[in-house]
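# Sharing a sequence plus its predicted fold:
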Amino acid sequence: MLLSLIIIPIIGSILLLPLSSTSESSKLQMKNIALITSLINFFVSINLWFLFDSSTSQYQFVSSQIGTFNFGIDATSLIFVLLTTFVTPIAILSNLRSINQNLKFFLISFLLLESLQICAFVSLDLILFYIFFESILPILFLVIILFGHGKDRIRSANFLFLYTLAGSLPMLLAILYILSNLGTVDFQLISLYGISPEYQYILWLGFFIAFAVKTPLYPFMIWLPKAHGDSPLAGSIILAATVLKLATYGYIRVLLGMLPEATQYFSPLIQTIAIVTLIYASFSTIVQQDTKRLIAYSSVAHMAVVVLGLFSNTIIGYEGALLLALAHGWVSPALFICVGGIIYDRTGTRIINYIRGLATYMPLFTILFFFFTLANTGIPLTLNFLGEQLSLMGIWQTNPIIAIIGATSILLSACYSLLLFNRLSYGNYSPYFPPFKDINRREYFILISLLIPTLVFGFFPNTILELIHSSSLYAIYWG
């Protein structure tokens, strides 16, 4: 079952290889194959969810049948795998009409990205995790160069590749040290052996740098707004929804799971960095004039709250961080689709000053845009609200001052989210553009697909909390 999640997108990529991209019928066939393949994988992951036993924290569906690959899944892995399989067909569908050149490479890239990200989330040893953690970089690099927007897309692709690759080198050294001293890179065995605290501190810094760059945290965040701003819409969706979650998963699996004493020791440091990131990113968001860069900085601010919850050393904060990570994986892509897809496709610009009064001719879009704007501010009855509140409540139990400063994220996110919505939706209609048509069926169903889980799990969060609660107990340092 677990291996099929990895293999199905690869099979879809193989089916695309012999097809020619010269005729419209072949292009349509390629789009259908890629979309159907990603949907099949999503339904397989739903079946995996039904078969998963949430009463235990042990790894399930463990398999080492493909050579030396060792895969398994627990509740934390499962929610990120579900997010990956859910978002991939949405990413493919979002650029289904706007990408016509090199279409085969585009579709194969996103199917392979799905397989590689799933491999990262289900790997049971550090070397495999590192390989798949880094394997997405060359694909994203090429996607931004070939399908991105703007004259700076090559520079943005270089920022993405070099920043994240260089940041991961300390992690590779830490993994090699663990292998040479413990003789294993298996997650479970490392947790059982234990590592002396003085070595934990050094190893922790190596892993933390890699995850801080990928999150990203201050001062390693410069690559993300550039990558978002110049990548195609599908690339921004994958970046926001799942690529950033690789760092979240790394925090949980490595720092909290294998290096608990060092994590406890460095918690004040990482909480301070998260607060600085939150404030810096929020104020940077308010002054942005590019809509995609605005949403990118907004993502950084929300991920800082996720980090606060994870390192609160409380069950409530940990579970809130996972809820917020999931909610961010739905709301942030929806906002990118609104500003970088629907609006950009019609106006050809992302500069806020040129766009206003969209509610005049696009009332349905304005309503959906408003819902996602409210969700981004953490309004009650959305999963974002529960994730933020639980994360801040968890950090309050550890450090009330950090919690009070962190709570400013609620006010700041309301400022930049509502400011963006009001600027684009209301006022006199822009004289630079003719009247636009409202959203079509494809755009409507994409946005509704992201809105439904945001609201449904906001009303029924126990569906997720019951799934992750057993594993949450093992993410807390009881020393």
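Received it, and whenever you're ready, just let me know what you need. Numbers count the residues shown, from 1 in each chain.

# Show me the strands in the protein, by range?
Assigned by DSSP state E, the chain shows strands spanning 60-63, 71-73.

# list the helices and strands the last one packs on?
So the one you mean is strand 71-73. With contacts defined as 3 or more CB pairs under 8 Å, 6 or more residues apart in numbering; DSSP states H and E, the packing partners of strand 71-73 are helix 2-16, strand 60-63, helix 103-122. Where you see a C-beta, it was placed from the backbone N, CA and C, and this is true even at glycine.

# Which strands or helices does the second one pack on?
Under the contact definition 3+ CB pairs under 8 Å, 6+ apart, strand 60-63 sits against helix 2-16, strand 71-73.

# count of neighbours near M221?
When neighbours are defined as other CB atoms under 10 Å, M221 has 23 of them.

# if we can go back for a sec, may I see the helices and strands packed on strand 71-73 arranged in TSV, with distance to Y344 and mean pLDDT as well?
Formatted as TSV, the helices and strands packed on strand 71-73 follow (distance: least, CB to CB, whole Å; pLDDT from 0 to 100):
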stretch	distance to Y344	mean pLDDT
helix 2-16	27	88
strand 60-63	41	82
helix 103-122	17	91
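
# how far does stretch 42-61 stretch from start to finish?
Start-to-end span of stretch 42-61 (CA to CA, to the nearest Å) is 17 Å.

# Can you give me the buried ones in that stretch?
Neighbour counts over stretch 42-61 (16 or more other CB atoms under 10 Å) mark 42, 44-45, 48, 52, 54, 57, 59-61 as buried.

# Could you pull up the contacting residues of the closest residue to L165 other than its chain neighbours?
Closest residue in space to L165, ignoring its immediate chain neighbours: L137 at 6.1 Å, by CB to CB, 6 or more residues apart in numbering. By CB atoms under 8 Å, 6 or more residues apart in numbering, the residues touching L137 are 160-161, 164-165.

# thought M221 was touching A281?
Yes. Using CB atoms under 8 Å, M221 is in contact with A281, at 6.9 Å.

# what residues are shared contacts of these two?
Common neighbours of M221 and A281 (criterion: CB under 8 Å, 6+ apart): V300.

# Pass me the low-pLDDT residue ranges in the protein, would you?
Along the chain, segments meeting pLDDT under 70 span 64-68, 475, 477-479.

# residue furthest from the geometric center of it?
P431 (36.5 Å; CA atoms, centre = their mean).

# what's that one sitting at in phi/psi?
P431 has phi and psi values of phi -80, psi -10 when expressed as degrees, to the nearest 10.

# Return the distance of it relative to M362.
Distance, P431 to M362, using CB to CB, to the nearest Å: 17 Å.

# what's near enough to touch L465?
Contact analysis of L465 by CB under 8 Å, 6+ apart lists 319, 323.

# Looking at this structure, which helix is longest?
helix 153-182 (DSSP state H).

# Give me the buried positions along that helix.
Within helix 153-182, the residues scored as buried using 16+ other CB under 10 Å are 153, 156-161, 163-164, 167-168, 170-172, 174-175, 178.

# Can you give me the neighbour number for P138?
P138 sits with 12 neighbouring residues when counted by other CB under 10 Å.

# residues contacting it?
Contacts of P138 by CB under 8 Å, 6+ apart are F161.

# and it, how far is that from I145?
Going from P138 to I145 by CB to CB gives 11 Å.

# How about Y474?
From Y474 to I145 the distance is 42 Å (CB to CB).

# now swap in S298 and tell me
Separation of S298 from I145 (CB to CB): 25 Å.

# Which one of these two is surrounded by more residues?
Set S298 next to I145 and count neighbours by other CB under 10 Å: S298 wins out with 27 against 16.

# give me every residue that touches that one.
S298 touches 281, 285, 332, 335, 376, 413, 416-417, counting by CB under 8 Å, 6+ apart.

# picking that back up, in helices, which of the buried residues of stretch 42-61 appear?
42, 44-45, 48.

# And these, which is closest to A227?
F42 (25.3 Å; CB to CB).

# Give the burial count for the residue nearest to that closest one when sequence neighbours are not counted, as a bare number.
Nearest non-adjacent residue to F42, counting by CB to CB, 6+ apart: T85, 4.3 Å away. Residues near T85, counting by other CB under 10 Å, number 26.

# again with N353
Number of residues near N353 (other CB under 10 Å) recorded here: 10.

# these two touch, right, it and T291?
No. Judged on CB under 8 Å, N353 makes no contact with T291 at a distance of 10.8 Å.

# mind checking how far L16 is from K31?
Computed as CB to CB, the L16 to K31 distance reads 10 Å.

# Same question for M258.
For M258, the distance to K31 (CB to CB) stands at 42 Å.

# Over to Y426?
36 Å.

# In terms of neighbours, single out the busier of those two.
Using other CB under 10 Å as the criterion, Y426 and K31 rank with K31 on top: 20 against 14.

# Could you check how far the closest residue to that one other than its chain neighbours is from G427?
Once flanking residues are discounted, K31 sits nearest to L96: 5.7 Å by CB to CB, 6+ apart. As for L96, its distance to G427 is 32 Å (criterion: CB to CB).

# neighbour-wise, which of these two wins?
Neighbour comparison, L96 and G427: the larger count goes to L96, with 18 against 14 (by other CB under 10 Å).

# mind listing what that one touches?
Going by CB under 8 Å, 6+ apart, L96 touches 31, 35, 442.

# Of these, just say which sits nearest to H469.
For the contacts of L96, the closest approach to H469 (CB to CB) belongs to L35, at 34.8 Å.

# I'd say the closest one and L93 touch.
Yes. With contact defined as CB under 8 Å, L35 reaches L93; the gap is 6.4 Å.

# about what we covered before: A375 versus the residue nearest to F42, what's the distance?
For T85, the distance to A375 - CB to CB - is 22 Å.

# try V339
V339 is 15 Å from A375, where distance means CB to CB.

# Between the two, which is the more surrounded one?
Under the neighbour definition other CB under 10 Å, V339 and A375 were set side by side, and A375 has more, 27 against 23.

# Spit out the contact partners of the more buried one.
Residues counted as contacts of A375 (CB under 8 Å, 6+ apart) are 327, 331, 382-384, 454.

# again, but for A157
Contacts of A157 by CB under 8 Å, 6+ apart are 140-142, 144-145, 148, 227, 230.

# Closest to W396 out of these?
Relative to W396, the closest of the contacts of A157 is A227; by CB to CB it sits at 33.5 Å.

# Can you tell me the closest non-neighbouring residue to the closest one?
Setting aside the residues directly before and after it, A227 is nearest to L160 in space (CB to CB, 6+ apart), at 4.4 Å.

# And for L244?
Among residues not flanking L244 along the chain, M303 sits closest, at 5.9 Å (CB to CB, 6+ apart).

# how close does that neighbour sit to N399?
M303 is 19 Å from N399, by CB to CB.

# Need the contact partners of stretch 98-105.
Identification of contacts with stretch 98-105 by CB under 8 Å, 6+ apart yields 16-17, 19, 21, 27, 30-31, 106, 142, 146-147, 232-234, 345.

# Name the residues contacting each of L16 and K31.
L107.

# Among the contacts of stretch 98-105, which pair sits farthest apart?
Top of the distance list for the contacts of stretch 98-105 (CB to CB): L17 and D345, 29.3 Å.
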